[in-house]
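Asks: just coords:
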(Lines give C-alpha, C1' and ligand atoms only; values in the text may rest on other atoms or scores of the structure.)
Protein backbone atom coordinates (compact mmCIF):
# COMPACT_ATOMS: atom_id res chain seq x y z
CA UNK A 1 0.00 0.00 0.00
CA UNK A 2 1.35 3.42 -0.84
CA UNK A 3 1.72 6.19 1.68
CA UNK A 4 -1.46 8.17 2.21
CA UNK A 5 -3.82 5.43 1.07
CA UNK A 6 -6.44 3.96 3.33
CA UNK A 7 -6.70 0.21 3.54
CA UNK A 8 -9.81 -1.73 4.27
CA UNK A 9 -10.19 -5.40 4.98
CA UNK A 10 -13.02 -7.69 5.85
CA UNK A 11 -12.54 -10.80 7.91
CA UNK A 12 -15.01 -13.62 8.18
CA UNK A 13 -15.23 -15.99 11.08
CA UNK A 14 -16.99 -19.25 11.57
CA UNK A 15 -18.74 -19.26 14.90
CA UNK A 16 -16.30 -18.68 17.70
CA UNK A 17 -13.12 -18.70 15.56
CA UNK A 18 -12.66 -14.91 15.58
CA UNK A 19 -11.04 -14.74 19.02
CA UNK A 20 -8.56 -17.43 17.95
CA UNK A 21 -7.78 -15.82 14.59
CA UNK A 22 -7.75 -12.10 15.38
CA UNK A 23 -4.07 -12.14 16.33
CA UNK A 24 -3.25 -12.59 12.65
CA UNK A 25 -4.30 -8.98 12.07
CA UNK A 26 -1.21 -7.92 14.05
CA UNK A 27 0.88 -9.22 11.13
CA UNK A 28 -0.77 -6.96 8.56
CA UNK A 29 1.17 -4.04 7.16
CA UNK A 30 -0.10 -1.55 7.97
CA UNK A 31 -1.80 -2.82 11.08
CA UNK A 32 -5.51 -2.06 11.47
CA UNK A 33 -6.47 1.19 13.12
CA UNK A 34 -9.99 -0.04 13.86
CA UNK A 35 -11.71 -3.41 14.18
CA UNK A 36 -15.48 -3.64 13.78
CA UNK A 37 -17.55 -6.71 14.58
CA UNK A 38 -21.02 -7.80 13.57
CA UNK A 39 -22.42 -11.09 14.76
CA UNK A 40 -25.51 -12.82 16.01
CA UNK A 41 -27.44 -11.09 18.75
CA UNK A 42 -27.50 -13.81 21.35
CA UNK A 43 -25.40 -14.64 24.37
CA UNK A 44 -22.93 -16.64 22.26
CA UNK A 45 -22.49 -13.88 19.67
CA UNK A 46 -21.88 -11.29 22.37
CA UNK A 47 -19.39 -13.61 24.08
CA UNK A 48 -17.50 -13.97 20.80
CA UNK A 49 -17.23 -10.17 20.69
CA UNK A 50 -15.96 -10.01 24.27
CA UNK A 51 -13.43 -12.80 23.66
CA UNK A 52 -12.27 -11.14 20.43
CA UNK A 53 -11.82 -7.87 22.32
CA UNK A 54 -9.63 -9.59 24.94
CA UNK A 55 -7.59 -11.31 22.23
CA UNK A 56 -7.13 -8.05 20.31
CA UNK A 57 -5.80 -6.34 23.43
CA UNK A 58 -3.38 -9.23 24.04
CA UNK A 59 -2.03 -8.79 20.50
CA UNK A 60 -1.70 -4.99 20.74
CA UNK A 61 -4.55 -4.40 18.30
CA UNK A 62 -7.27 -1.74 18.51
CA UNK A 63 -10.44 -2.38 20.46
CA UNK A 64 -13.09 -4.50 18.79
CA UNK A 65 -16.13 -2.27 18.41
CA UNK A 66 -19.66 -3.07 17.31
CA UNK A 67 -20.60 -2.16 13.73
CA UNK A 68 -23.47 -0.03 15.03
CA UNK A 69 -25.42 0.55 11.80
CA UNK A 70 -25.49 -3.20 11.19
CA UNK A 71 -26.70 -3.89 14.72
CA UNK A 72 -29.30 -1.14 14.30
CA UNK A 73 -30.53 -2.88 11.14
CA UNK A 74 -30.52 -6.20 12.97
CA UNK A 75 -32.64 -4.82 15.80
CA UNK A 76 -35.03 -2.91 13.57
CA UNK A 77 -35.72 -5.53 10.91
CA UNK A 78 -34.04 -8.78 11.94
CA UNK A 79 -36.05 -11.93 12.44
CA UNK A 80 -36.36 -12.85 16.10
CA UNK A 81 -36.06 -16.55 16.74
CA UNK A 82 -37.30 -18.25 19.88
CA UNK A 83 -35.78 -21.21 21.64
CA UNK A 84 -33.06 -19.58 23.69
CA UNK A 85 -33.01 -19.57 27.48
CA UNK A 86 -34.44 -16.27 28.71
CA UNK A 87 -31.90 -14.29 30.72
CA UNK A 88 -32.96 -12.31 33.73
CA UNK A 89 -32.77 -8.56 33.24
CA UNK A 90 -29.47 -8.16 35.11
CA UNK A 91 -27.74 -10.92 33.12
CA UNK A 92 -29.08 -9.54 29.84
CA UNK A 93 -27.85 -6.05 30.75
CA UNK A 94 -24.40 -7.39 31.60
CA UNK A 95 -24.25 -9.48 28.41
CA UNK A 96 -24.99 -6.43 26.25
CA UNK A 97 -22.39 -4.16 27.89
CA UNK A 98 -20.21 -4.28 24.76
CA UNK A 99 -22.93 -2.63 22.66
CA UNK A 100 -23.53 1.11 22.40
CA UNK A 101 -25.95 2.62 24.91
CA UNK A 102 -28.35 3.49 22.07
CA UNK A 103 -28.80 -0.24 21.32
CA UNK A 104 -28.23 -1.84 24.66
CA UNK A 105 -31.73 -1.75 26.14
CA UNK A 106 -33.35 -3.17 22.99
CA UNK A 107 -30.67 -5.85 22.71
CA UNK A 108 -31.08 -6.76 26.39
CA UNK A 109 -34.83 -7.12 25.83
CA UNK A 110 -34.13 -9.63 23.03
CA UNK A 111 -32.07 -11.75 25.44
CA UNK A 112 -34.58 -11.36 28.29
CA UNK A 113 -37.35 -12.62 26.01
CA UNK A 114 -35.47 -15.85 25.25
CA UNK A 115 -34.97 -14.88 21.62
CA UNK A 116 -32.03 -14.27 19.33
CA UNK A 117 -31.47 -12.53 16.01
CA UNK A 118 -29.06 -14.13 13.56
CA UNK A 119 -26.78 -11.73 11.70
CA UNK A 120 -27.90 -13.33 8.44
CA UNK A 121 -31.31 -11.71 8.85
CA UNK A 122 -29.67 -8.46 7.72
CA UNK A 123 -29.64 -9.39 4.07
CA UNK A 124 -28.05 -8.04 0.95
CA UNK A 125 -30.73 -5.37 0.46
CA UNK A 126 -30.04 -3.86 3.86
CA UNK A 127 -26.27 -4.08 3.48
CA UNK A 128 -26.18 -2.26 0.17
CA UNK A 129 -28.40 0.50 1.56
CA UNK A 130 -25.56 1.64 3.84
CA UNK A 131 -23.13 3.97 2.04
CA UNK A 132 -20.71 3.26 4.88
CA UNK A 133 -21.66 0.61 7.42
CA UNK A 134 -19.06 1.18 10.07
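Replies: Happy to help now that I have it. Keep in mind the model is a prediction, meaning the values are calculated, not measured. Numbers count the residues shown, from 1 in each chain.

Asks: which residues does the nearest residue to residue 88 once chain neighbours are set aside contact?
Replies: Distance criterion C-beta to C-beta, 6 or more residues apart in numbering; nearest residue to residue 88, sequence neighbours excluded, is residue 112 at 7.2 Å. Backbone N, C-alpha and C define where each C-beta goes, glycine included. Residue 112 sits next to 86-89, 92 when contact means C-beta atoms under 8 Å, 6 or more residues apart in numbering.

Asks: okay, these in TSV with neighbour count and secondary structure next?
Replies: Formatted as TSV, those follow (neighbours: other C-beta atoms under 10 Å; DSSP: H, G, I helix; E, B strand; the rest coil):
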residue	neighbour count	secondary structure
86	13	coil
87	20	coil
88	10	coil
89	12	helix
92	21	helix
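
Asks: farthest pair in the residues you listed?
Replies: 86 and 89 (9.9 Å; C-beta to C-beta).

Asks: can you pull out the strands in the chain?
Replies: 35-37, 64-66, 80-81, 116-117 (DSSP state E).

Asks: What strands flank the first one, and is each parallel or antiparallel?
Replies: In this case it means strand 35-37. In the sheet, strand 35-37 lines up against strand 64-66 (parallel) (DSSP bridges).

Asks: Format the strands of the chain as JSON lines; extra columns: mean neighbour count, mean pLDDT and distance to residue 126.
Replies: Shown next, in JSON lines, are those (neighbours: other C-beta atoms under 10 Å; pLDDT from 0 to 100; distance: least, C-beta to C-beta, whole Å):
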{"stretch": "strand 35-37", "mean neighbour count": "19", "mean pLDDT": "91", "distance to residue 126": "16"}
{"stretch": "strand 64-66", "mean neighbour count": "20", "mean pLDDT": "92", "distance to residue 126": "16"}
{"stretch": "strand 80-81", "mean neighbour count": "15", "mean pLDDT": "96", "distance to residue 126": "16"}
{"stretch": "strand 116-117", "mean neighbour count": "21", "mean pLDDT": "97", "distance to residue 126": "13"}
